[in-house]
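# Sharing a model that was predicted from the sequence below.
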Amino acid sequence: MTSPATAPALSELGEVTLRKVRRRLMPLIVLLYFVAYLDRNNVGFAKLGMQGDIGLTEAAYGLGAGIFFLGYALLEIPSNGGMYRFGARKWIARILISWGIFATAMFLVNGEASFYIIRFLLGAAEAGFFPAILFYLTLWFPAAQRVTVLGIFILAQPISNALGAPVSGMLLNLEGVAGLHGWQWLYILEGIPAIILGIITPFVMTDRPEHAKWLKPEEREWLSTTMSAELADKKKAGNHNFLAGLKDPRTIAYSALYFGLVCGIYGLGLWLPTIVKALGKFDSTQVGFIVFIPYAIAAVFVYFWSKRSDRTGNPVWHASVSMVLAAVGLLGAGFLLPVNAVLAMVFLTLAAMGIYSAIAPFLAMPSAALTGAAAAAGLAMVNSLGNLGGFVAPYIVGILKDATGNSQTGLVFLAACLAVTAIATYLYARKRPEGVSAPGATIPAAETH
């Protein structure tokens, strides 16, 4: 196994520069991803009211919840090509506005067919957002500091679920206001922020370090030189054009591994409100506050685990251990649901901790050998094919719930997916240089153009 490498100490100028970059860019990026995750996962809470109103079976809900990822996967790579051509700042704004429109349009759902169609269009509209943000981060942060930054970005997932859960639960109580159901108000009020942020984003984001007038000249020069040096090192390794990123065998391998991780992410996220509702006679607001607990704890753990991954320089081990923890949590919850609701929630919390803490160290690995357009293509491919797990897992969990009348079998299925993925990730990535967060050995700096 490759020995973990530790990141070298930054100069005082480097520390000051990166601190300014984090303070300028990360709050907006985290907010954008917060809203993205809220709009793709709020269907889990909307289901509590919508299912009876429009007549959805559990399997139909699982299919509709997951069909988002078919639209997402189909347009992910073309969208990332557009991002690389037009620039991340403008492309991210375009994505925000289009997905905000369809997220709001979910209030028009009146049956299975419209549920499937609008969820598909929502996924298509959001396609390219996640890899566009990852690619954007490669323009601003040196490789040895990038897992920590990714961890901050990924924090938006559990934080969105934690804060969004009680808010979504309370919005369901708007039943009958202006003649609309509570779940319709949920979609409207949680969809509009994406449109507003899409209008604001081009005025706040800066495309590249050399354009950052908010940095001092010496800070701008240090960052531009540092990122250019990383790019030059990566270019020595071979071909880095857009097509090369799609054909690279490592891109395919990490896509398959990410599929397994995503099965856990959305298998749990899209069904957790239903699982909690079944634990007792809770109203929608109470379900929201209970769901808050595992995600809030997971958010704290994600930050700690991501910094530890950077410090030790071993994202492979950290990603694999996290997925094992998630598998244990889901398996334990599956067996404890009919026996002890409190212990089941403890294990579901362990599952959330494991799932979300695996994402940042995992994503530090896939595009390690790629730069520029190849990095954009590789990240898009990994995210596109991997996110098909977001279609498969919720659908299978729904089928299993219809067949058995409970959630236990679905949780065991998700645990198996994560356990297999943890082992495969460790065996595949442990001997590869890109699996170590050494200088210049993780996500590359992107090519300037």
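Structure's in. What do you need?

# residues near residue 257, how many?
Residue crowding around residue 257 was assessed by other C-beta atoms under 10 Å; the count is 24. For every residue, glycine as well, the C-beta is placed using N, CA and C.

# Check which helix or strand it maps to.
Using DSSP states H and E, residue 257 maps to helix 249-269.

# Can I get that helix as CSV, trimmed to CA atoms?
Taking Å, rounded to 0.1, in the frame of the first residue of the first chain, the C-alpha atoms of helix 249-269 are listed here in CSV:
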residue,chain,number,x,y,z
PRO,A,249,-10.2,3.4,-17.7
ARG,A,250,-9.9,5.0,-14.3
THR,A,251,-12.9,7.2,-15.2
ILE,A,252,-15.0,4.1,-15.8
ALA,A,253,-13.8,2.3,-12.7
TYR,A,254,-14.5,5.3,-10.4
SER,A,255,-17.9,5.7,-12.1
ALA,A,256,-18.8,2.1,-11.1
LEU,A,257,-17.6,2.7,-7.5
TYR,A,258,-19.4,6.0,-7.2
PHE,A,259,-22.6,4.2,-8.3
GLY,A,260,-22.4,2.0,-5.2
LEU,A,261,-21.9,5.0,-2.9
VAL,A,262,-24.7,7.0,-4.5
CYS,A,263,-27.1,4.0,-4.0
GLY,A,264,-26.5,4.6,-0.2
ILE,A,265,-26.8,8.4,-0.4
TYR,A,266,-30.2,8.5,-2.1
GLY,A,267,-31.5,5.2,-1.0
LEU,A,268,-31.4,6.6,2.6
GLY,A,269,-32.1,10.3,1.8
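
# Flag every buried residue along that helix.
Under the neighbour-count criterion of 16 or more other C-beta atoms under 10 Å, helix 249-269 has 250-251, 253-269 buried.

# ok now the next helix or strand after that helix, how far from the chain's centre?
Helices and strands here follow DSSP H and E; after helix 249-269, the next one along the chain is helix 272-279. Taking C-alpha atoms, centre = their mean, to the nearest Å, the mean C-alpha location of helix 272-279 is offset from the chain mean by 22 Å.

# could you give the angle of the helix or strand that helix 272-279 is followed by to helix 272-279?
Counting by DSSP H and E, the element after helix 272-279 in chain order, helix or strand, is helix 284-312. Here helix 284-312 runs at 130 degrees with respect to helix 272-279, directions being taken by axes from the mean of the first three to the mean of the last three C-alpha atoms, to 10 degrees.

# which other helices and strands contact helix 284-312?
Helices and strands touching helix 284-312, as assessed by 3 or more C-beta pairs under 8 Å, 6 or more residues apart in numbering; DSSP states H and E, comprise helix 43-54, helix 146-154, helix 156-171, helix 272-279, helix 315-336, helix 341-363.

# Quick check: which of these is nearest to residue 199?
For these, proximity to residue 199 was assessed by C-beta to C-beta; helix 156-171 is nearest, at 20.0 Å.
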